[in-house]
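Trainee: below are the sequence and a predicted model; questions follow.
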Amino acid sequence: MIFGWNRPRTASSIYIAPMVRLAVVSGTLAALCGAAAARPAATGWFAEGGLGAVAFLPKASSDARLGPALGVRIGRDLFAWLSVGISLVASSHEATVPPPPQGEWFQLYRGGGDIRIGGRLDHLALFVEGGAGAAMISSNVLGKVMITDPGERFSIMFQAGAGAEYQLENRHYAIGLAADGFLLPQFDAIRAIDSRLYLRYTY
Amino acid sequence: MRLALVSSSCAVIVGLAGLVGCANDPVYIPGPMAMEAGVADMTGMLGEAKASLQLPIKTETAADMKTHAALSAKLAPVLVPYVKIGDLEIEIEWTIKNLDLMKPGQAKIQLNGANEFFSYDPSIIILDPGNDEAPPTPGLAGDIPIDVPAGGEVSGLFTEDDLREAAIDLDQITRGNVNPFRATLTISKNAKLFQPMTLPIPEMPGVPEVPAMPVGDPIPREAFAEITRIDLVFKPTTHMVLEYNVRIRDLRGIMHELLLTAVTDKPAELQTFMPAVYNVTTTATP
């Protein structure tokens, strides 16, 4: 009896074996990829909640440290590629102005409206966004370095940024990573970067 | 499911808005000038620096006056101040820089001040006029030696508790005739009231000493006066400079939004206090 490599092959076995292998491989691939082939995403009203960080750019970077940020955004997809929204973000920072004071923190609250333009490639969406709104600072601790003037608590805000969104299997949910730069003209035109990881639910 | 998510989103937004609205945020008033001292004068005496900072408090509103009048009527004949303990939570942060690069030194910072009734300056109060070796009248807080390395920098603060204690001590000393040593060496920050005393009459030939006696109604905590002016005395042993910053949590909303800028820009909107200078030759027995 001859086994394995040295077994003589008949004509039928030469043609049938590759076909069986092909069938098995195709079936396995179909089983694995079938669920991921279509990744539908809901459109309409949506809400996002995110956590991230806000870092000030020079010249304010020496006066305020990077701080954690928490934000929410609600909006509506007008088209598959265009949405409008309003957002509210709060971030907290340690003031690093020349002492005294030392170890003091302040909060920056930002709210505004924005437009987001993007496109989807299967389960990945890329977008750019921009908007305007207002910002409020919780204290005058940055007054020492003339970032805020006496009695000044509010500034208008301009922001622009980009991000990417990964659509989960459930069509209502997506997770995203985004970064926005914003400018606060009344606060000595300080600029900062807000980066965040967020969860989106589309109704 | 959707309703729950909408509700939770709204709750987060309302929560954030609430945090913004209810924030008990401090304001910071930098000391107008750095205090430089520690240089010997012609007689070899080391110089001290003194600074005074009047808190920029807004004039009393009609609603405030109404509340004030109601409380005054309730507590009569006790005088009720406009700025009371608990209206402001004050903290003073300071940094000392030793300008002498070769010699380490020590510095003391003495905290004094004024409320709307009285100012307190221990340098003009002599408790025991007949005794040259009597200890000097104490300040309201501080006066602790602080080591400062050559060319170095040291930071610290008078906490909100320190300032509350100092404000109550000041009121006890001035309105209550409590001996400054007793007032500053006892902890009164949680006191509910204090009893004003008469000034003791010292012993004279043929007349025994008359001790201090309670006089008038006790002053309840609701009528304790808050510090409205901060006085600092800086006493270094080498050439040093002190910078300070006053941090205030304005719990009643009586600080002027412009802070010290209001002194020049909107002086009419600031409450003017004219405290009497407190001075005694004799005080109540400790």
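Mentor: Yes, it's here. Numbers count the residues shown, from 1 in each chain, chains lettered A, B, ... in the order given.

Trainee: centroid residue for chain B?
Mentor: Closest residue to the average C-alpha location of chain B: B:Ile227 at 4.3 Å, with C-alpha atoms, centre = their mean.

Trainee: in this structure it contacts B:Glu165, no?
Mentor: No: using C-beta atoms under 8 Å, B:Ile227 is not in contact with B:Glu165, being 10.6 Å away. Any C-beta I mention is one placed from the backbone N, CA and C, and that applies to glycine too.

Trainee: low-confidence ranges, chain B, go.
Mentor: B:1-23, B:281-286 (pLDDT under 70).

Trainee: now the helices for it?
Mentor: In chain B, the segments counted as helices under DSSP state H are B:2-21, B:62-75, B:160-176, B:180-185, B:261-265.

Trainee: list the buried residues of the shortest one.
Mentor: In this case it means helix B:261-265. Neighbour-count burial for helix B:261-265, with 16 or more other C-beta atoms under 10 Å in any protein chain shown as criterion, is recorded at B:Ala262.

Trainee: gap between the helix or strand hosting A:Ser83 and the chain center?
Mentor: Under the criterion of DSSP states H and E, A:Ser83 resides in strand A:82-94. In this view, strand A:82-94 has its centroid 12 Å away from the chain centroid, taken as C-alpha atoms, centre = their mean, to the nearest Å.

Trainee: average pLDDT across that strand?
Mentor: When pLDDT is averaged over strand A:82-94, the result is 97.

Trainee: name every strand pairing with that strand and say which way it goes.
Mentor: When pairing is defined by DSSP bridges, strand A:82-94 lines up against strand A:67-79 (antiparallel), strand A:105-121 (antiparallel).

Trainee: residues of the stretch 51-200 of chain B that sit close to chain A?
Mentor: Applying C-beta under 8 Å from any C-beta of the partner chain, one finds that the stretch 51-200 of chain B approaches chain A through B:Glu93, B:Trp94, B:Thr95, B:Glu153, B:Ser155, B:Leu157.

Trainee: what's the nearest residue to B:Ile168 once chain neighbours are set aside in contact with, if anything?
Mentor: Nearest residue to B:Ile168, sequence neighbours excluded (C-beta to C-beta, 6 or more residues apart in numbering or on different chains): B:Ser188, at 4.6 Å. Shown in contact with B:Ser188 (C-beta atoms under 8 Å, 6 or more residues apart in numbering or on different chains): B:Glu165, B:Ile168, B:Asp169, B:Gln172, B:Phe194.

Trainee: in JSON lines: the residues you listed, plus distance to B:Tyr120 and neighbour count.
Mentor: Shown next, in JSON lines, are the contacts of B:Ser188 (distance: C-beta to C-beta, whole Å; neighbours: other C-beta atoms under 10 Å in any protein chain shown):
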{"residue": "B:Glu165", "distance to B:Tyr120": "14", "neighbour count": "22"}
{"residue": "B:Ile168", "distance to B:Tyr120": "12", "neighbour count": "26"}
{"residue": "B:Asp169", "distance to B:Tyr120": "9", "neighbour count": "27"}
{"residue": "B:Gln172", "distance to B:Tyr120": "11", "neighbour count": "26"}
{"residue": "B:Phe194", "distance to B:Tyr120": "15", "neighbour count": "19"}
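
Trainee: nearest to B:Arg252 among these?
Mentor: B:Ile168 (17.6 Å; C-beta to C-beta).

Trainee: confirm for me that the closest one is in contact with B:Gly113.
Mentor: No: at 11.9 Å, B:Ile168 does not count as touching B:Gly113 under the criterion of C-beta under 8 Å.

Trainee: if we can go back for a sec, now do the residue nearest to B:Ile168 against chain A, distance only.
Mentor: For B:Ser188, the distance to chain A (C-beta to the nearest C-beta, to the nearest Å) stands at 27 Å.

Trainee: which parts of the stretch 1-150 of chain B are strands?
Mentor: Counting by DSSP state E, counting those that start in this stretch, the stretch 1-150 of chain B has strands at residues B:26-30, B:35-37, B:49-54, B:88-98, B:105-114, B:118-120, B:141-142, B:146-148.

Trainee: could you redo those as a markdown table and give each row mean neighbour count and distance to B:Pro129?
Mentor: Shown next, in a markdown table, are the strands of the stretch 1-150 of chain B (neighbours: other C-beta atoms under 10 Å in any protein chain shown; distance: least, C-beta to C-beta, whole Å):
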| stretch | mean neighbour count | distance to B:Pro129 |
| --- | --- | --- |
| strand B:26-30 | 21 | 38 |
| strand B:35-37 | 19 | 28 |
| strand B:49-54 | 17 | 23 |
| strand B:88-98 | 23 | 32 |
| strand B:105-114 | 22 | 21 |
| strand B:118-120 | 23 | 18 |
| strand B:141-142 | 21 | 25 |
| strand B:146-148 | 17 | 31 |
